[in-house]
Structure formats: C-alpha cells, structure tokens
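Participant: Pasted the sequence and its predicted model underneath.
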Amino acid sequence: MMNVDEAVRRNNLNENEIRIFREIMRCIDNKEYKATVRQIAKAAYVSTASVVRLAQKLGYLGYGDMMISLKNERTDVLNFEFKDVLTSILISRTGMLKIDELISDIMSGRYHRIHILGIGYSRIPATYMEEKLEELDFVTTQKSPLDFVAEKPYLMIFVSENGETYDLTFIAERCRKSNCRMYVISSREESSICRIVPNHIIIKRNSRKAANEFAPNYFIGNTLIVMESIVAIISSLCRERG
C-alpha cells in the first residue's frame with residue numbers, strides 16, 4: 001500500500017497535497033472510510049477541489065474511487081499479514097477455513113452468548129479472547145454453558161492443549177446435543193475433545209526441529225497470536241459496520 005513518502009516520490013506532491021494525503025491515510029488507518037471530501041479538506045486546510053485534484057493526480061477517477069481503492073489495499077495487506085502469520089502456526093490444512101467460519105459465526109449475531117473455556121494454562125488465551133470480545137460489546141463468559149438454561153443458541157470455544165481435560169470433554173459431550181455451535185483450539189487433532197467437536201483449529205506447540213520432550217512449548221503463545229488475529233479482524237469488521 002502506498003505510503004506518504006512513496007506518494008511524494010512518485011507524484012511530486014506539494015505541501016498542500018502532502019497534508020491532504022496524510023489526512024486521507026489517517027482516516028484509512030483509523031477505519032474512517034466514510035470521511036467526506038469536506039472533512040478531508042477542512043482537516044488539511046485546503047479546498048474540496050484540491051482534494052479531488054489530488055485524487056486525479058494519483059491516478060484515481062475521483063475522491064470516492066481513491067477511498068475505496070486505498071481501503072481495499074489496506075484490507076488486502078492486513079489479510080495477507082494475518083494469513084502469512086497464521087499459516088506458520090497452524091497444523092491442520094483446514095485451520096484457516098475454521099478460523100474464517102469462527103469469525104463469521106461471531107459476527108453473525110445468531111448466538112445469544114459466547115462461552116470461551118480453558119483450564120490451567122489454557123485459561124490464559126481463553127481469558128484474553130473473552131475480555132477482548134467483551135470490549136467489542138459481545139456477550140461473553142468463561143462459565144460453563146451447563147450452568148445456563150440453553151433456551152437460545154450459543155457459541156462455544158474450547159481451548160485445550162492436549163484435548164484430554166476431563167471437565168472440558170464432559171462439557172463438550174453434554175453440549176453436543178444442545179442448541180449450540182462448538183469450536184476447539186488444541187494441539188492434538190486425534191484428542192478426545194477433537195473427536196467430539198468437529199470444528200477444531202490445531203496449533204503447533206513446538207518447531208519440527210525441536211519436537212522432543214525438552215523442547216519449549218509454544219502452544220499458549222501461538223494460541224494468543226491466533227486469538228489476537230481473530231480479534232483484530234473482528235474489530236475491523238465491527239468498525240466497518242459502524
């Protein structure tokens with residue numbers, strides 16, 4: 001995506017045009033895609049005609065075309081970066097598809113609550129995602145859905161490194177027949193909880209070069225990276241919806 005220095009170098013921008021372009025990029029970075037020509041002109045202390053002329057000078061049909069193009073370029077860059085990072089962390093080939101499905105389910109509005117459960121160290125990423133989604137005004141909890149009356153659809157996200165934690169498999173088994181959709185983030189596709197929950201995202205716990213009992217365990221760190229990527233995409237989608 002074109003930055004200010006690149007725009008100046010390619011198009012020989014003057015001081016007024018640089019101010020305009022900086023304001024446009026600020027709006028793009030802050031997801032303020034609905035900023036009008038007048039708003040940009042006022043912030044840059046120029047006329048609306050100057051903003052339109054800059055768009056044409058940069059090769060766009062007009063102001064609207066420029067904003068849409070820059071927005072799409074920014075989104076493509078973010079998606080590429082997320083995909084590039086996540087591909088290095090995920091084991092299962094279907095992991096990216098399941099992440100997309102999870103994001104769609106969270107954004108769908110079909111689910112009354114989102115339960116995010118982890119025990120032991122797995123509680124760390126579970127707590128992180130629960131709090132982040134709560135900040136975005138989603139109804140989230142770390143309580144077991146068995147403590148609620150399941151009269152409305154709800155979403156379940158389990159975090160279990162080995163997938164054999166009895167309390168989580170017990171909850172998953174009981175919830176399988178209820179009005180919910182379940183996902184599990186684990187490091188073992190063949191684990192008990194992954195057999196119960198078909199929507200599983202399998203994350204690496206160590207590198208291939210160091211796959212032995214003394215190797216550092218990166219599952220929690222990698223899971224946090226996945227959680228942050230998911231939350232970042234959801235946050236961006238929420239801002240676009242206004």
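Facilitator: Yep, that arrived.
Participant: Give the next helix or strand downstream of the helix or strand of the chain with the lowest mean pLDDT.
Facilitator: The least trusted helix or strand in the chain, going by mean pLDDT, DSSP states H and E, turns out to be helix 63-87, with a mean of 72. In the C-terminal direction, the helix or strand that comes right after helix 63-87 (DSSP states H and E) is helix 95-108.
Participant: For that following helix, give the mean pLDDT please.
Facilitator: The average pLDDT for helix 95-108 rounds to 88.
Participant: Now do the helix or strand just after it: distance to the chain's middle.
Facilitator: Note on helix 95-108: by DSSP H and E, the next helix or strand toward the C-terminus is strand 114-118. If you compare the mean C-alpha spot of strand 114-118 with that of the full chain, they lie 17 Å apart, counting by C-alpha atoms, centre = their mean, to the nearest Å.
Participant: And the helix or strand that strand 114-118 is followed by, what's buried?
Facilitator: Beyond strand 114-118 on the C-terminal side, the first helix or strand identified by DSSP H and E is helix 123-135. Neighbour-count burial for helix 123-135, with 16 or more other C-beta atoms under 10 Å as criterion, is recorded at 123, 125-126, 128-130, 132-133. Yep, even glycine has a C-beta here, placed from its N, CA and C like the rest.
Participant: Could you check how far helix 123-135 is from the centre of its chain?
Facilitator: Going by C-alpha atoms, centre = their mean, the spacing between the C-alpha centre of helix 123-135 and its chain's C-alpha centre is 13 Å.
Participant: neighbouring contacts of the helix or strand following it?
Facilitator: The C-terminal neighbour of helix 123-135 among helices and strands, as given by DSSP H and E, is strand 140-141. Strand 140-141 is contacted by residues 113-116, 130-131, 133-134 when judged by C-beta atoms under 8 Å, 6 or more residues apart in numbering.
Participant: Sheet partners, orientation included, of the helix or strand that comes right after strand 140-141?
Facilitator: Scanning forward in sequence from strand 140-141 by DSSP H and E, the next helix or strand is strand 154-159. Taking DSSP bridges as the criterion, strand 154-159 sits next to strand 114-118 (parallel), strand 180-186 (parallel) in its sheet.
Participant: any chance of those in CSV, with distance to Ile20 too?
Facilitator: As requested, the strands paired with strand 154-159 are exported to CSV (distance: least, C-beta to C-beta, whole Å):
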stretch, distance to Ile20
strand 114-118, 42
strand 180-186, 44
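Participant: With adjacent residues omitted, what lies nearest to Ile196?
Facilitator: On the basis of C-beta to C-beta, 6 or more residues apart in numbering, the spatially nearest residue to Ile196 that is not a chain neighbour turns out to be Ala172, at 4.5 Å.
Participant: in which helix or strand would I find the one you found?
Facilitator: For Ala172, the secondary-structure element it belongs to, assigned by DSSP H and E, is helix 166-175.
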